[in-house]
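*Asks:* Following is a predicted model, sequence given first.
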Amino acid sequence: MSERRVRLRLGLLAVVFAGLCALGAGARAAQALAAPIVTGTWASAVGVSSANLRAQIDPQGLATTYLFEYTSEASYRTKGFIGATKVPQLQIGIGTGLVQQRIGGLQPDTAYRFRVVATSNATTVGPLRALNTDEEAPVFTLPDNRGWEMVSPLDKNGGEIQGPGANFGGGVIQAAAQGGAITYTSASSFAGAQGAPGASQYVSSRGVGGWAPYNVTPPALSGSYPEAPTAGVPYQLFSTDLAGALLSNGRRCRTSASSQCPVANSPLPGSGAPGGYRNYYLRSGTDGSYRALLQGADLAGLALDSAHFELAFAGATPDLAHVVLSTCAALTAGATEVPGAEGECDPAKQNLYEKTGSTLTLVNSAPGATLAAQGRALSADGSRVYFSAEPSPGAVNLYLREGAVTRQVDAAQGGGGTFETAGADGSLAFFTKAGHLYRYAAATGIATDLTPGAGVLGVLGASEDGAFLYYRTAAGLFLNRNGTTTTPVAPEIDPASTPPTTGNARLSADGRHLLFLSTAELTPYDNRSLGDDEPQPEAYLFTAPGTAGAGILCVSCNPSGERPIGAASLPGASANGQGLNAPHVYKPRLLSADSRHVFFDSFDALVPQDTNHDRDVYQWEAQGTGACSKPVGCVKLISSGRAEGGASFLDASGDGADAFFLTDGSLVPSDRGSVDVYDARVGGGFPTTDPAIPCFGDACQPLPPAPEDPALASLRAKRSGNLPPAAKPRHCKKGQVKRAGKCVKKRPHRARKQGSRR
């Protein structure tokens, strides 16, 4: 080999070696700069004065130490972690990086903040965490001086109360906004029933001595409400004060004259309903009377016979003064009826009619219309109706009928808009198209694009005046104010929070407070499940900027700082009335009118008194409400936490003073079992007495005397006269003491020897 070639090879080897050295040095430098990664921090085994502080740390292959530091919430708010207590620094062992320190000397029922600090060649400070120690000798009490009251009756004819959607997918459960009343449903018929359709409906009202149930099920013959998931439940909706109710009349054929009617069932007396037609009744809570929405005059010009006429409830105002009905039939002048098969009209070409008092008004100008939504599409006073219609095949546009004028809302966008929500009076409405969110002003007819970048996935709701609007995108949850200012709220939100009519989110009337579910970690609580390390949905309350207490609070997180074992839940709107085809109109009140109370269900034991390992009902209340003095608010049980089958929230009054829930627990002495409705009422509770045990037949006879024992006869001999007077106490002489009833000489005192036993 030539000398030149050798020099070239040596040069190449030198370059390769230098490169390898550089790579090795770079790797060592990168490793030297690698900081530990904190993947989780939480508390466990929190007690009255102690807790375990835990963390998951990835040391990145380097020797790493860690320590925890903690301080009281009060001190943290003024000084942060300055002066915080530091647990002695320890080395992370080989393995998973799961570390733990036990701390003691904590104060009972006190809030603390803590964090973990991990150090190798660099230092990583873990996320801020919160914990609250247990009360000392906690005693179960309901918050706000509440008391349990059994709402459903003791005698339920061997039945029980069903939850939302448990009767053929429907059944109305709704509390009166003013409190003191609730309507609920049962498959059993009791309390003066006149008939037994798929689900009987009851209204219980609170009186001086207790709750009185009233059966409001309409009288009906068997078969009037068939056992089908789409037609088995009469009631659809109640007014907000429960003074009125809307219900279906059952099968569409209601006379024996038609061969298609399997049972003779005449219209309700005094209702004015024409025999043989599908219809709806309005029930008056004042006198219990029924009035048919469609009277004889409304059906006088109908071309269809009763066997081919169908009708559906579309929506109503909260007071039920305005009801929107849907049918393909022509009921008024100007309505178009499109023929269908076998003597029917085309069910795909529906007409909308608004019933107000005795007036029936056509909403749409062309067939193929649907109410835009079952919430807020009809203004509170019924003057504005938003609806969708198909002017041509494949094209669905959004319209507003205001008085006698109908306008296309999405005309400037080329049609195809989807109604989301509106203000209470309908003057401002919001719709989406192709990921854009528009704000429509009825006064000007102008729709403004609020999201030029598109990407909108849904709307949670709007304030009653339309000034506050919440919506979600892939980037998270946002608040738009007055169509101009947009504020990020949360990076992630439960998709079931939308749409506004049925979603599980709740919005205060002024729009400044939003209750929602999210799996994101939005506050100093680790919400990943203790079992599988998966994030669990928690309930959060957002308060808009510029409002007292602005920010986000986790209302369902465990105050102890321990990881959840299950999810929190907020119910959306349940199906009212007729199962699969039922409207979803009513959403239970989870957020009180003043936004200072939140009700929710949780499988977590958020207080020590929750011991049944099942779903229970909780209340969160803001600082300064009731006895709550904690900045993050207070969480308390509303149900017992001990019922074998748990409990689930039903509804609340507007101010939150009545909190109704369903449970199989017997919470008052008179409750003999079964599943019942209870009210945890502020200042509630009735005086209780043990109920008399009924007897039958021989069981009602008095017990015979016990047999006489001759050996005890002498002990039971009668004595005449009064007892002799008690002997006067005898005192001993000086220097004597009494022993065994006698006076004896007192012994002299002797000193004990050192080391002797005592």
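*Replies:* Thanks, I have it.

*Asks:* in the stretch 351-500 of the chain, which spans are strands?
*Replies:* 351-356, 359-362, 369-371, 384-392, 395-402, 405-408, 418-422, 428-433, 436-441, 446-449, 456-462, 468-473, 476-481, 485-490 (DSSP state E, counting those that start in this stretch).

*Asks:* mind putting those in TSV, mean neighbour count and distance to Gln100 included?
*Replies:* Glycine gets a C-beta too; all of them are placed from N, C-alpha and C. As requested, these are exported to TSV (neighbours: other Cβ atoms under 10 Å; distance: least, Cβ to Cβ, whole Å):
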stretch	mean neighbour count	distance to Gln100
strand 351-356	22	64
strand 359-362	15	70
strand 369-371	22	57
strand 384-392	20	57
strand 395-402	20	58
strand 405-408	13	64
strand 418-422	25	48
strand 428-433	24	49
strand 436-441	21	47
strand 446-449	15	53
strand 456-462	23	40
strand 468-473	24	38
strand 476-481	20	33
strand 485-490	14	31
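
*Asks:* Those strands: lowest mean pLDDT?
*Replies:* Among the strands of the stretch 351-500 of the chain, strand 384-392 carries the lowest mean pLDDT, a mean of 92.

*Asks:* right, so of the strands of the stretch 351-500 of the chain, which gets closest to Val87?
*Replies:* Taking Cβ to Cβ as the criterion, Val87 comes closest to strand 485-490 out of those, the separation being 32.6 Å.

*Asks:* and that closest one, C-alpha only, in PDB?
*Replies:* The C-alpha trace of strand 485-490 is given here as PDB (Å, rounded to 0.1, in the frame of the first residue of the first chain):
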ATOM      1  CA  THR A 485     -64.600  40.300  22.700                       C
ATOM      2  CA  THR A 486     -63.500  36.600  22.700                       C
ATOM      3  CA  THR A 487     -62.000  35.100  25.900                       C
ATOM      4  CA  PRO A 488     -60.500  31.500  26.200                       C
ATOM      5  CA  VAL A 489     -62.200  29.600  29.000                       C
ATOM      6  CA  ALA A 490     -60.800  26.000  28.900                       C
END
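
*Asks:* just for this protein, where's the confidence low?
*Replies:* For the chain, applying pLDDT under 70 flags the ranges 1-33, 94-96, 169-170, 193-198, 220-232, 251-265, 575-583, 689-758.

*Asks:* got a list of what Thr119 touches?
*Replies:* Going by Cβ atoms under 8 Å, 6 or more residues apart in numbering, Thr119 touches 36, 64-66, 89.

*Asks:* hmm, try it at 6 Å
*Replies:* When the contact criterion is Cβ atoms under 6 Å, 6 or more residues apart in numbering, the partners of Thr119 are Thr65.

*Asks:* ok, Thr286 - contacts?
*Replies:* No contacts exist for Thr286 under Cβ under 6 Å, 6+ apart.

*Asks:* what secondary structure does it sit in?
*Replies:* Classification of Thr286 using DSSP: H, G, I helix; E, B strand; the rest coil returns coil.

*Asks:* among the strands of the stretch 351-500 of the chain, which is nearest Asp651?
*Replies:* Proximity to Asp651, assessed across those by Cβ to Cβ, is greatest for strand 456-462 (18.2 Å).

*Asks:* Distance from that closest one to the middle of the chain?
*Replies:* Here strand 456-462 is found 19 Å from its chain centre; the criterion is Cα atoms, centre = their mean, to the nearest Å.

*Asks:* angle of it against strand 418-422?
*Replies:* Between the axes of strand 456-462 and strand 418-422, defined by axes from the mean of the first three to the mean of the last three Cα atoms, to 10 degrees, the angle is 30 degrees.

*Asks:* quick one: strands adjacent to strand 456-462?
*Replies:* If you go by DSSP bridges, strand 456-462 pairs up with strand 468-473 (antiparallel).

*Asks:* can you list the residues that contact the strand it pairs with?
*Replies:* Strand 468-473 is touched from outside by 437, 455-462, 478-481, 493, 511, 514, with contacts defined as Cβ under 6 Å, 6+ apart.

*Asks:* Using TSV, please lay out the strands of the stretch 351-500 of the chain together with distance to Ser602.
*Replies:* TSV is the format used below for these (distance: least, Cβ to Cβ, whole Å):
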stretch	distance to Ser602
strand 351-356	41
strand 359-362	46
strand 369-371	35
strand 384-392	37
strand 395-402	39
strand 405-408	46
strand 418-422	28
strand 428-433	32
strand 436-441	33
strand 446-449	40
strand 456-462	21
strand 468-473	23
strand 476-481	22
strand 485-490	20
